[in-house]
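Enquirer: Show me the folded form of this:
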Amino acid sequence: MGEKKEKPNLFRAKFYLRSYCRIRDGIEELRAKCQRLNDELSCVDVGGMSYDGTHGGNGALTSVEAQVSARIEKREQINNLLHEIASLELQRTVMNNALAKLSEDDRKILLTHYTDGLPWYDVAEIYGYSYDRIRHKGMDALRRFASYL
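Expert: I've put the predicted structure just below:
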């Protein structure tokens, strides 16, 4: 018996295309948060931390311990943001690679409809096709895009 060819997942392809801008903007937003946290860390004078004479044992943090704890927490936040950025960049790379394999017409049609959010009627008018023709071309392009994911 022959191998069954897996059908492209059109739902996943549509989801990726619709979230393309959100992913791009999310990466930039997370990078900005990372930069703010790094700036905050660089403003803290670690050399100025000194033992203030308080003793532990009562369950409360000394001022130095509190400052160190805050720095560790910021570092953990930065690491979590970097992990999120890497995940989004991987998604964006997968989408860009799949889009690059499409013809320019297919890419324009898909991006205009799914990322820009224009209805098929408007996409048809922009590219000079009938509504039925653009829907057909769009579905063919979506299938090809899905097969490249």
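Enquirer: Go ahead and confirm residue 82 touches residue 34.
Expert: Yes - using C-beta atoms under 8 Å, residue 82 is in contact with residue 34, at 6.6 Å. Heads up, the C-betas are built off the backbone N, CA and C, glycines and all.
Enquirer: How far off centre is stretch 109-121?
Expert: Relative to the centre of its chain, stretch 109-121 is centred 20 Å away, using C-alpha atoms, centre = their mean, to the nearest Å.
Enquirer: Name the single longest helix found in the chain.
Expert: In the chain, with assignment by DSSP state H, the single longest helix is helix 63-100.
Enquirer: Which other helices and strands does whatever helix or strand residue 139 lives in contact?
Expert: Per DSSP states H and E, residue 139 falls inside helix 131-148. Using 3 or more C-beta pairs under 8 Å, 6 or more residues apart in numbering; DSSP states H and E, the elements in contact with helix 131-148 are helix 10-18, helix 63-100, helix 104-110, helix 120-127.
Enquirer: Please spell out which residues along it are buried.
Expert: Buried residues in helix 131-148, counted by 16 or more other C-beta atoms under 10 Å: 134-135, 137-138, 141-142, 144-148.
Enquirer: Look up phi and psi at residue 103.
Expert: Backbone torsions of residue 103, given as degrees, to the nearest 10, read phi -70, psi 160.
Enquirer: and it, how many neighbours does it have?
Expert: Residue 103: 10 surrounding residues under other C-beta atoms under 10 Å.
Enquirer: how about it, what does it touch?
Expert: With C-beta atoms under 8 Å, 6 or more residues apart in numbering as the criterion, no residue contacts residue 103.
Enquirer: what does the average pLDDT come to for stretch 86-106?
Expert: Here stretch 86-106 scores 95 as its mean pLDDT.
Enquirer: Can you point out the buried residues in it?
Expert: 88, 92, 95, 98-99, 102, 106.
Enquirer: pLDDT at residue 63, what is it?
Expert: Here, the pLDDT recorded for residue 63 equals 75.
Enquirer: neighbours around it, how many?
Expert: For residue 63, using other C-beta under 10 Å, the count is 13.
Enquirer: follow-up on the earlier one: the longest helix of the chain: how far from the chain's middle?
Expert: The chain centre lies 11 Å from the centre of helix 63-100; the measure is C-alpha atoms, centre = their mean.
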